[in-house]
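**Student:** A structural model of the following input is requested.
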Amino acid sequence: MQANHFRKGEHRAYHGGVQFRGTLEVTERGKFAQTYQSGIGGAKSFGFGLMLLAPVKL
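**Tutor:** You can find the predicted model right below:
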């Protein structure tokens, strides 16, 4: 798990992230393309919600 604790003024916050490794099967191409371009979740500005993809070697 990747943890990120931070403060903004008097407020404290925490973002927790995980890494998944495996094979992704895309069933809805349009939704996948949109998600790949925009990222996942609300902590993208902190480096969370990014996808790193590599082609499958056959």
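**Student:** how about the residue nearest to the spatial centre of the chain, secondary structure?
**Tutor:** By CA atoms, centre = their mean, the chain has its centre lying nearest to G49, at 1.7 Å. Secondary structure assignment for G49 (DSSP: H, G, I helix; E, B strand; the rest coil): coil.
**Student:** close enough to count as contact, it and G39?
**Tutor:** Yes. Counting by CB atoms under 8 Å, G49 touches G39, with 4.1 Å between them. To be clear about C-beta, it is placed using only N, CA and C from the backbone, and glycine gets the same treatment.
**Student:** quickly note the distance from G30 to Q37.
**Tutor:** As judged by CB to CB, to the nearest Å, G30 and Q37 stand 11 Å apart.
**Student:** list the contacts of A3.
**Tutor:** A3 sits next to Y14, H15, G16, G17 when contact means CB atoms under 8 Å, 6 or more residues apart in numbering.
**Student:** restricted to helices, list these.
**Tutor:** Among the contacts of A3, no member falls in helices (criterion: DSSP state H).
**Student:** could you single out the nearest of those residues to P55?
**Tutor:** Of all the contacts of A3, P55 sits closest to G17, with 24.3 Å by CB to CB.
**Student:** next, count neighbours for the nearest residue to that closest one once chain neighbours are set aside.
**Tutor:** With sequence-adjacent residues excluded and distances taken as CB to CB, 6 or more residues apart in numbering, G17 is closest to Q2, at 4.2 Å. Using other CB atoms under 10 Å, Q2 has 11 neighbouring residues.
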